[in-house]
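K.L.:
Dropping a prediction and its sequence here:
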Amino acid sequence: MTNSSHHLSVRSRVAQAAGGAARFASRALGRGSGGMIGGEVALRISPKFLAELAASYSSAVVTGTNGKSTTTRMVRAALESAGPVASNINGDNMTSGIITALMQGKDATRAVLEVDEMHVPAVAADVNPSVFVYLNLSRDQLDRVGEIGSVERRLRDGAAAHPDAVVVANCDDPLIVSAAADNPNVVWVAAGAGWGGDSAAYPRGGRVVRSGEDWHLIPAFDGEPLPELSSRPQPQWWLEEVELAPEGPRATLRGPQGVSVPLELKLPGRANLGNAAQAVAAAVAMGIDPAAAASAVSSVTEVAGRYSVHDVNGRSARLMLAKNPAGWQEAMTMIDPRVDQVVIGVNGQVPDGQDLSWLWDVDFSGVKRPGRRVVACGERGADLAVRLEYAGIHCDLVPLPMDALAVCEPGRVEMLLNYTAMRDFKVLLDRKEGTR
């Protein structure tokens, strides 16, 4: 029973019991984690279930195109220094998955919820979060999510409906600035913006001009009025002394009132330093000591299987997820330069987006290195192989990620997979390792 069960109506108590049973059955039958079906069943029985369930939680909603799961895991780690936390740690980030996460929040009074960008207004209406974490916005699967301007509008509407909430927003991303600008309680974080291709035009008018880490707006045409906020906001949290070591990035995080705490991550890449900065800022907004938050964030080693390392017949495979042009571009920087074998896998199922033309927007040159072997795989492996060959990267082509590992030599292998390629491969690994 969760901490909030005594606040539930009779109908919602029935919904909770039915949802828990559905989740148990799903797991017992090997049909999945039950993260979605439990919430779906509960919501069918009681449409007000999420609002009633969330009423006694102080919640943070984490959203953005890339980094949602990682940042959610980091915020959860930071909040756990003060007690139990409810969270959808497996990436079930729509309403049903969020319900299931809160149903499992035994003794928790805080919740950290990863929310799909398009579902932020609806989820926030029921959850009434005390903190929003807005990470970044870039083009995702157009055939599933839609045009980037409509996504920015959803985030803007979601935050605007909750003026008492704190919005922890990435000031380096103009689209995020536009989404957060109207709120009275914005905490600006210089989290970085490695991909700027989708923010040339500002949603409120004007064109974005970049100069190093800074940016400002200029009129797109003669006489165009610019919005009141027409340049990068001054960050309240920022990173200094950044070092991108192969064993994990390090930096000093500066914050309000002279805060200075070290970040020594076990997750790769500059992007994860930005995620960590926003996670610490969000945890501090929810009452956690900055030093405790930074220490907890630095302890995270994997996120729902991402960045985990698996031994498969002598191949030490590290898994990384990439889902869209911005994500793939960041993933290129996370490949350990000391590793001579890289597997890249791409599927084209509905959760991935079936239109993979965006592969041609990704600069794959970061993969290329003398002596490195690259293997392409997945349902759309042939499309990927053509793209790599045009980038001057010769690759082998095999059907599946497990086949790709088999053609690699024993030793370390970096594996970059998109959503369903990662999901399906992880199921095979779990069975092989006896964890499912």
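P.N.:
Arrived safely, thanks for sending.
K.L.:
Which strand or helix spans A404?
P.N.:
helix 401-407 (DSSP states H and E).
K.L.:
what's that helix in contact with?
P.N.:
Residues external to helix 401-407 that are found in contact with it (Cβ atoms under 8 Å, 6 or more residues apart in numbering): 312-313, 315, 317, 343, 345, 375-378, 396, 398, 413, 415, 417, 421, 424-425, 428. Backbone N, C-alpha and C define where each C-beta goes, glycine included.
K.L.:
Could you rerun that using 7 Å?
P.N.:
Residues outside helix 401-407 that contact it (Cβ atoms under 7 Å, 6 or more residues apart in numbering) are 312, 315, 317, 343, 345, 375, 377, 396, 398, 413, 415, 417, 421, 425, 428.
K.L.:
and what of stretch 285-292?
P.N.:
By Cβ under 7 Å, 6+ apart, stretch 285-292 touches 58, 60, 78-79, 81-82, 110, 130-131, 166, 168, 187, 255, 259, 261, 280, 284.
K.L.:
you'd agree D172 is up against A191?
P.N.:
Yes: using Cβ atoms under 7 Å, D172 makes contact with A191 at a distance of 6.0 Å.
K.L.:
phi, psi of G67?
P.N.:
Torsion angles at G67 (phi, psi; degrees, to the nearest 10) stand at phi 90, psi 10.
K.L.:
Let me see the contact set for it.
P.N.:
L135, N136, A271, N275.
K.L.:
among those, who's most crowded?
P.N.:
With neighbours taken as other Cβ atoms under 10 Å, the top of those is N275, carrying 33 neighbours.
K.L.:
Quick one: find the helix or strand in this structure with the lowest mean pLDDT.
P.N.:
Here the helix or strand of the chain ranked lowest by mean pLDDT, DSSP states H and E is helix 10-28, holding a mean of 63.
K.L.:
any idea how far S230 is from V208?
P.N.:
In this view, V208 and S230 are 10 Å apart by Cβ to Cβ, to the nearest Å.
K.L.:
what touches both of these two?
P.N.:
With Cβ under 7 Å, 6+ apart as the test, V208 and S230 both reach L217.
K.L.:
returning to that earlier point: and of the contacts of G67, the nearest to R369?
P.N.:
A271 (20.6 Å; Cβ to Cβ).
K.L.:
Now do the SS call for the closest one.
P.N.:
Following DSSP: H, G, I helix; E, B strand; the rest coil, the label given to A271 is helix.
K.L.:
And A251, by the same measure?
P.N.:
Taking three-state DSSP, the label given to A251 is strand.
K.L.:
ok, now how distant is it from S298?
P.N.:
Separation of A251 from S298 (Cβ to Cβ): 10 Å.
K.L.:
any common contacting residues for the two?
P.N.:
L263.
K.L.:
Please enumerate the strands of the stretch 201-350 of the chain.
P.N.:
207-211, 214-218, 238-245, 248-254, 260-264, 309-312, 315-321, 341-345 (DSSP state E, counting those that start in this stretch).
K.L.:
what's the burial count for A322?
P.N.:
Neighbour number of A322 under other Cβ under 10 Å is 25.
K.L.:
Could you do S130 as well?
P.N.:
Each residue near S130 was counted by other Cβ under 10 Å, and the total is 20.
K.L.:
Once you drop chain neighbours, what's closest to the residue nearest the centre of the chain?
P.N.:
What sits nearest the mean C-alpha location of the chain, by Cα atoms, centre = their mean, is K68, with 2.0 Å. Of all residues not flanking K68 in the chain, E114 sits nearest, at 4.7 Å (Cβ to Cβ, 6 or more residues apart in numbering).
K.L.:
Outside of the one helix or strand L175 maps to itself, list whatever touches it.
P.N.:
Assigned by DSSP H and E, L175 belongs to helix 174-180. Applying Cβ under 7 Å, 6+ apart, the external contacts of helix 174-180 come out as 134, 136-137, 148, 152, 155-156, 159, 167, 169-171, 186, 199, 202-204, 208, 215, 229, 233.
K.L.:
Same question for stretch 342-349.
P.N.:
Residues outside stretch 342-349 that contact it (Cβ under 7 Å, 6+ apart) are 335, 354, 356, 367, 372, 374-381, 384, 401, 404-405, 413-418, 420-421.
K.L.:
Sitting in helices, which of these do you find?
P.N.:
G381, L384, P401, A404, L405, T420, A421 (DSSP state H).
K.L.:
from those, which is closest to A181?
P.N.:
Closest to A181, out of all of those and judged by Cβ to Cβ, is T420, at 35.5 Å.
K.L.:
which residues touch the closest one?
P.N.:
N347, Q349, P351, D352 are the contacts of T420 under Cβ under 7 Å, 6+ apart.
K.L.:
Would you check which pair of those lies furthest apart?
P.N.:
Once Cβ to Cβ is applied, the contacts of T420 give N347 and P351 as the farthest pair, at 8.7 Å.
K.L.:
Between these two, which has more neighbouring residues?
P.N.:
N347 (25 against 13).
K.L.:
I'd like to know which of the strands of the stretch 201-350 of the chain is closest to V362.
P.N.:
Nearest to V362, of all these, is strand 341-345, at 10.4 Å by Cβ to Cβ.
K.L.:
Next, the angle strand 315-321 makes with the closest one.
P.N.:
40 degrees (axes from the mean of the first three to the mean of the last three Cα atoms, to 10 degrees).
K.L.:
Could you check how far K48 is from V413?
P.N.:
From K48 to V413 the distance is 49 Å (Cβ to Cβ).
K.L.:
Give the residue from those two that has the larger number of neighbours.
P.N.:
V413 (24 against 14).
K.L.:
State the pLDDT value of the more buried one.
P.N.:
The model reports V413 with a pLDDT of 97.
K.L.:
Thanks a lot, see you next time.
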